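**Q** take this sequence and fold it.
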Amino acid sequence: MTTAHFSEKAVESLAAFISSGLPAKLRIVETECGLGAQDLPDPVAVLRGQDEAFGRSPIVEVWEETLASGEPGDETASVACRIGLAFVGDADAIADQLKLRRYQTAMLKLLQSDRKLGGTVAGAIEGTFQITSVKTAESKIYHTFTVPVGVELYEP
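**A** Purely as a prediction, here's the structure:
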């Protein structure tokens with residue numbers, strides 16, 4: 001397999017897994033926290049790459065950071081990916097931080113629910129979440145978390 005093939009497969013596997021599973025995990029977190037339906041809106045998109053435009057909210061991005069594989073022709077590869085989720089905040093910074101943590105909880109529940117991402121990879125292990133807030137030129141505040149995910153691929 002080529003390096004590009006492994007990278008594309010890792011990103012696509014993560015993105016598809018998030019697209020199909022995150023909405024259900026968001027509903028679970030809403031119920032556990034006593035929230036109303038859609039208080040944690042589903043992502044408007046799960047992008048395969050990064051969108052610096054900050055145009056949509058909430059949005060999930062999945063991208064490859066590095067690829068570690070053996071010799072050409074190897075059947076295995078480890079791809080370091082990153083998942084980011086961002087949403088536009090409102091005037092209440094404390095409520096926004098709580099909302100971001102709830103999105104983070106849903107993502108963690110999803111990633112821990114199936115380490116093989118529905119059977120599409122050999123394994124996926126998440127790292128430590130990082131949280132940031134960015135104020136745009138239009139005075140919008142985007143709250144974001146990112147989490148590294150190591151994806152192990154095997155293709156005979």
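**Q** other SSEs contacting the lowest-mean-pLDDT helix or strand in the chain?
**A** Taking mean pLDDT, DSSP states H and E as the measure, the chain has strand 59-69 as its least confident helix or strand, at a mean of 86. The contact analysis (3 or more C-beta pairs under 8 Å, 6 or more residues apart in numbering; DSSP states H and E) places strand 59-69 against helix 3-32, strand 45-48, strand 76-88. To be clear about C-beta, it is placed using only N, CA and C from the backbone, and glycine gets the same treatment.
**Q** which of these sits closest to Q112?
**A** Shortest separation from Q112 across the helices and strands packed on strand 59-69 is recorded for helix 3-32, at 10.0 Å, computed as C-beta to C-beta.
**Q** which parts of that closest one are buried?
**A** For helix 3-32, a neighbour-count test (16 or more other C-beta atoms under 10 Å) marks 6-7, 9-11, 13-18, 21-23, 25-27, 29-30 as buried.
**Q** and what of stretch 51-70?
**A** Of the residues in stretch 51-70, F54, P58, I59, V60, E61, V62, W63, E64, L67, S69 count as buried by neighbour count, 16+ other C-beta under 10 Å.
**Q** repeat that for stretch 90-109.
**A** Buried positions in stretch 90-109, judged by neighbour count with 16+ other C-beta under 10 Å: D96, K99, L100, R101, R102, Y103, Q104, T105, A106, M107, K109.
**Q** name the SS class of the second one, please.
**A** Under DSSP: H, G, I helix; E, B strand; the rest coil, K99 falls in the helix class.
**Q** ok, now which ones touch it?
**A** By C-beta atoms under 8 Å, 6 or more residues apart in numbering, the contact list for K99 reads L40, F87, H143.
**Q** cool, and the third one?
**A** Going by C-beta under 8 Å, 6+ apart, L100 touches F87, I131, H143, T144, F145.
**Q** thinking again about what came up before, make CSV from the helices and strands packed on strand 59-69 and add distance to E126 and mean pLDDT to it.
**A** Compiled in CSV, the helices and strands packed on strand 59-69 are given as follows (distance: least, C-beta to C-beta, whole Å; pLDDT from 0 to 100):
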stretch, distance to E126, mean pLDDT
helix 3-32, 10, 93
strand 45-48, 16, 93
strand 76-88, 8, 91
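**Q** ok, now how distant is L67 from R48?
**A** Plainly put, L67 is 15 Å away from R48 if you go by C-beta to C-beta, to the nearest Å.
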